[in-house]
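Engineer: Next come a sequence and a model predicted from it.
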Amino acid sequence: MRFEVLDMPKIDGPRLIADLKTLRAFGATGTGVVRPTFSEVDMAARRWLAGRMAEAGLEATIDGVGNVIGRSRNAGPAVLLGSHTDTQPRGGWLDGAYGVMAALEVARALPDLAIDVASWADEEGTHWSFLGSSSFCGEDVVGDAGVDAAIAGAGLAGRSKARLEPGRYRGYMEAHIEQGGVLEAEGKRLGVVTHIVGARGFDLTFEGQQNHAGTTPMALRKDAGAAAIRFAHAAQTGLAGVAGPASVWTIGRMAFDPGAPSIIPGRASLYLQVRDTDAGQLRRMEAHIEALIADHDRGGPCRVILAGYDDGMEPTAMDEGLQDHVAAACESHAPGQWRRMPSGAGHDAQILARRLPAAMLFVPSIRGISHDFAEDTADADLALGCQVLATAVASILGR
Ligand SMILES: [Zn+2]
């Protein structure tokens, strides 16, 4: 008879929280953090992180784009874990930081397995969105003058760039705070991410005739502000008619020119963004918006011009096999307290997913707040998420 002893890896929750609090001190501002990529505090945080990785027995380097990589000395197959330690201009203390410190804690909890840990440079796009993970996956963005100058300013010029080693990894996994309120509203403690949404952005300009707000009769006006408002209303109601269950859309910016109480706006602008997990659904919403632009332009009296179009983000599915490992780990540590869900925010995992099977695990954000100094998560949930990640990694590597 053969017995298999399954030792469940045990993470050290207090050590994880202590590391997160130490990292928070780099750029701490009130309850939040200001640590934009390649700032002095960001580079100091990267050096501290490389030191913590080395103490954990990993081979730690800061590469030519600022990625901090802790490579396991154990023989593969390996799992790659990571997230980012840069923040928004006024960011929270857990966005990205949680996934990096949880990754390091998992590597410490499973010292016999091959677990590589990464902090990807500039996820938040201070200089170039997803700079580090894109570079690691072989997309060379160096050559952009602004990015090159930022890299040189951080003292990284001339360093070699870490690249994905083909065949080394069974997959990439990223723990992250949810940055929304779905888990909290449903009383769940963990989310297994199914997809990361794709986004399309439409930057519209409305051209009319600037004029006197008192002397110009309504019938003779070419009011660009009114045209933008009509378009915004038509988009809000029209998109509701073609939306799928995961569709969201936002007019995040609208401006009138010159923007004075007694002037009929001669120009107006509006930015409409749509997001969905499904590429087909995204295309249907795009087609609807294109038809709406043509309609409103034809109907007059103002021109409606598509001044800019942003198709930067494709919907990305997480690997189903890895999701099942994460889901099984959720069920064993928190039965019934987890759900599968899409990610409405972009993450490095969508870049890594181009080259590796990828998965993500969410922990709840208190009151659903993120990209704000008030961002927070209960300590118990931070520890639980890390434990689930460790168990999932052990099962992926066959332990
Ligand atoms: Zn993040």
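Structural biologist: Cool, the structure landed.
Engineer: The residue of the stretch 151-300 of the chain found nearest the ion sits in which helix or strand?
Structural biologist: In the stretch 151-300 of the chain, the residue that lies nearest the ion is residue 176 (5.8 Å; CB to the ion). Just so you know, the C-beta spots here come from the backbone N, C-alpha and C atoms, and that holds for glycine as well. Here residue 176 is covered by strand 169-177, with elements defined by DSSP states H and E.
Engineer: Could you name the helices and strands sitting against the helix or strand following that strand?
Structural biologist: Using DSSP H and E, the helix or strand that follows strand 169-177 towards the C-terminus is helix 182-186. Contacts defined by 3 or more CB pairs under 8 Å, 6 or more residues apart in numbering; DSSP states H and E place helix 182-186 against strand 190-196, strand 338-343.
Engineer: Rounded mean pLDDT for helix 182-186, please.
Structural biologist: For helix 182-186, the mean pLDDT works out to 96.
Engineer: quick one: contacts for residue 62?
Structural biologist: Residue 62 sits next to 46, 47, 50, 68, 156, 159 when contact means CB atoms under 8 Å, 6 or more residues apart in numbering.
Engineer: should've said residue 360
Structural biologist: Taking CB under 8 Å, 6+ apart, one finds 173, 174, 175, 176, 192, 193, 196, 318, 343, 347, 349 in contact with residue 360.
Engineer: Quick check: the gap between residue 259 and residue 269.
Structural biologist: Counting by CB to CB, to the nearest Å, the separation of residue 259 from residue 269 is 11 Å.
Engineer: out of the two, which sits in the busier spot?
Structural biologist: Using other CB atoms under 10 Å as the criterion, residue 259 and residue 269 rank with residue 269 on top: 18 against 11.
Engineer: ok so, going back, got JSON lines for the helices and strands packed on helix 182-186, with mean pLDDT, distance to the ion and mean neighbour count too?
Structural biologist: Listed next are the helices and strands packed on helix 182-186 as JSON lines, based on pLDDT from 0 to 100; distance: least, CB to the ion, whole Å; neighbours: other CB atoms under 10 Å:
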{"stretch": "strand 190-196", "mean pLDDT": "97", "distance to the ion": "11", "mean neighbour count": "24"}
{"stretch": "strand 338-343", "mean pLDDT": "96", "distance to the ion": "10", "mean neighbour count": "20"}
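Engineer: Pull out the buried positions in stretch 59-66.
Structural biologist: 60, 61, 62, 63, 64, 65, 66 (16 or more other CB atoms under 10 Å).
Engineer: Correction: the previous question concerned stretch 78-96.
Structural biologist: Applying 16+ other CB under 10 Å to stretch 78-96 flags 78-88, 91-96 as buried.
Engineer: ranges for the strands of the stretch 1-150 of the chain?
Structural biologist: 28-29, 32-33, 59-62, 68-71, 78-83, 114-119 (DSSP state E, counting those that start in this stretch).
Engineer: Nearest to the ion, out of these?
Structural biologist: Among those, strand 78-83 sits nearest to the ion (CB to the ion), with 6.3 Å.
Engineer: Give me every residue in the protein lying close to the ion.
Structural biologist: Neighbours of the ion within the chain, by CB under 5 Å from the ion: 95, 96.
Engineer: Residue ranges in the chain under the pLDDT threshold?
Structural biologist: Along the chain, segments meeting pLDDT under 70 span 1-7, 142.
Engineer: tell me the domain boundaries of it?
Structural biologist: 13-196+317-396, 198-313 (automatic domain parsing).
Engineer: The last one: end-to-end distance?
Structural biologist: In other words, domain 198-313. Start to finish, the residues bounding domain 198-313 are 5 Å apart (CA to CA, to the nearest Å).
Engineer: Then the longest one?
Structural biologist: Between the opening and closing residues of domain 13-196+317-396 we find a distance of 22 Å, counting by CA to CA.
Engineer: quick one on the thing from earlier: quick check, nearest of the contacts of residue 360 to residue 165?
Structural biologist: Each of the contacts of residue 360 was scored against residue 165 by CB to CB, and residue 173 proved nearest at 16.9 Å.
Engineer: so how many other residues sit close to the closest one?
Structural biologist: Residues near residue 173, counting by other CB under 10 Å: 33.
Engineer: circling back: let me know which of the helices and strands packed on helix 182-186 is the nearest to residue 355.
Structural biologist: Of all the helices and strands packed on helix 182-186, strand 190-196 comes closest under CB to CB, at 14.9 Å.
Engineer: ok, now which ones touch the closest residue to residue 186 other than its chain neighbours?
Structural biologist: Nearest residue to residue 186, sequence neighbours excluded (CB to CB, 6 or more residues apart in numbering): residue 339, at 6.8 Å. Contact partners of residue 339, counting by CB under 8 Å, 6+ apart, are 183, 186, 188, 190, 191, 192.
Engineer: which of these sit farthest apart?
Structural biologist: 186 and 192 (13.6 Å).
Engineer: how about the residue nearest to residue 103 when sequence neighbours are not counted, what does it touch?
Structural biologist: Once flanking residues are discounted, residue 103 sits nearest to residue 81: 3.5 Å by CB to CB, 6+ apart. With CB under 8 Å, 6+ apart as the criterion, the residues that contact residue 81 are 99, 102-103, 106-107, 115-118, 172-175, 389, 393.
Engineer: do residue 119 as well
Structural biologist: Taking CB under 8 Å, 6+ apart as the test, what residue 119 contacts is 46, 49, 67, 68, 82, 83, 84, 85, 96, 100, 132.
Engineer: Could you rerun that using 7 Å?
Structural biologist: 46, 49, 67, 68, 82, 84, 85, 100 (CB atoms under 7 Å, 6 or more residues apart in numbering).
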